[in-house]
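Asker: Could you look at this predicted model? Sequence included:
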Amino acid sequence: MSVGVAAEAPAFQFKGSMLPFTVMELETRDLARIEAELPDKLAQAPGFFEYAALVLGVEKVTGEALDVAAIVDMLRAHRLLPIAVRGGDEAICDQARGIGLAWFPAQSDTAARRPASIRRERSAPAKTPAIVGKTYRGTVRSGQQVAALDGDLIIVGAVNSGAEVLAAGSVHVYGALRGRALAGIHGDGSAAIFCRELEAELLSIAGAYKRREDMEPALIGRSVQVRLSDEQLQVLTLD
């Protein structure tokens, strides 16, 4: 009689995931201008971009010669970690793949406009999953991160300095917000941030951000809502 041997567990699995990435949208192909402005931009939020996974958006410079490898080298020299390029034609796609980056079509592109090498047949639309939020009860302490990668994040408590809360949707803090709050981390510009007491180090919605020193002094300590309008954060009182 043969003895059955238990199947060995697989070494890995592929799973879908929605992780927070920063998108750097190029407004010019002038490498000298980018290099000149980059240090000051990074200095506005020390540590916020350090070793951040970055998607390079090239939609606004499509049709112009662009040296993707040179830009990637520049970003890496500033401790940024480019992982993909978004937008551009098949030549841009080939450049991205040639240096080991992923490529995404522009957000406005349809399947018919994608490079021929990566077109796929249209399939039946998948069912939209229910939006799942997350509720955290207690104080988010310095060095701690609490994230809701689907839906809103509700913090029933305070967010201390040095802590970070982020959500695909909106962020609600029913207490003092002293750390960092990032809403719309997948690009949802309709997301918002609400807090009972504004003392934040940094606020961000869909990649646009505002530092503590950029906030109106009269808003500090107030109950506020933060929304994105014309790519700028607006902070409005709730009381």
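Answerer: Nice, I can see it.
Asker: quick one: terminal-to-terminal distance for stretch 36-49?
Answerer: 17 Å (Cα to Cα, to the nearest Å).
Asker: nope, stretch 49-69 is what I was after
Answerer: 20 Å.
Asker: Can you list phi and psi of residue 143 for me?
Answerer: Main-chain torsions, residue 143, degrees, to the nearest 10: phi 90, psi -10.
Asker: got a list of what the spatially closest residue to it that is not a sequence neighbour touches?
Answerer: Sequence neighbours aside, residue 162 is the residue nearest to residue 143 in space, at 5.6 Å (criterion: Cβ to Cβ, 6 or more residues apart in numbering). Where you see a C-beta, it was placed from the backbone N, CA and C, and this is true even at glycine. Residue 162 makes contacts with 142-143, 179, 201, as judged by Cβ atoms under 8 Å, 6 or more residues apart in numbering.
Asker: what about 7 Å?
Answerer: By Cβ atoms under 7 Å, 6 or more residues apart in numbering, the contact set of residue 162 is 142-143, 179.
Asker: Which of the three states applies to it?
Answerer: Taken by DSSP: H, G, I helix; E, B strand; the rest coil, the conformation at residue 162 corresponds to coil.
Asker: Residue 168 is in contact with residue 153, isn't it?
Answerer: No. In this structure residue 168 lies outside contact range of residue 153 using Cβ atoms under 7 Å: 8.6 Å.
Asker: if you count what's nearby, which of these two comes out ahead?
Answerer: Taking other Cβ atoms under 10 Å, residue 168 and residue 153 do not tie; residue 153 has more neighbours (27 against 24).
Asker: pLDDT value on that one, please?
Answerer: You'll see residue 153 listed with a pLDDT of 94.
Asker: give me phi/psi at the closest residue to it other than its chain neighbours?
Answerer: Counting by Cβ to Cβ, 6+ apart, residue 153 lies nearest to residue 167, which is 3.7 Å off, once chain neighbours are set aside. Torsion angles at residue 167 (phi, psi; degrees, to the nearest 10) stand at phi -150, psi 150.
Asker: Now do the nearest residue to residue 179 once chain neighbours are set aside against residue 200, distance only.
Answerer: Once flanking residues are discounted, residue 179 sits nearest to residue 163: 3.7 Å by Cβ to Cβ, 6+ apart. The spacing between residue 163 and residue 200, counted by Cβ to Cβ, to the nearest Å, is 10 Å.
Asker: Name the residues contacting each of the two.
Answerer: residue 179.
Asker: name the helices or strands packed onto the strand or helix carrying residue 174?
Answerer: Assigned by DSSP states H and E, residue 174 belongs to strand 171-177. Judged by 3 or more Cβ pairs under 7 Å, 6 or more residues apart in numbering; DSSP states H and E, the packing partners of strand 171-177 are strand 153-156, strand 180-183, strand 193-198.
Asker: Domain-wise, how is the chain divided?
Answerer: 22-118, 134-237 (automatic domain parsing).
Asker: contact partners of the helix or strand containing residue 227?
Answerer: Using DSSP H and E, residue 227 falls within strand 224-229. Residues outside strand 224-229 that contact it (Cβ under 7 Å, 6+ apart): 189, 192-195, 198, 203, 205-206, 208, 233-238.
Asker: at 8 Å instead, please
Answerer: By Cβ under 8 Å, 6+ apart, the list of residues contacting strand 224-229 reads 181, 183-184, 189-195, 198, 203, 205-206, 208, 210, 233-238.
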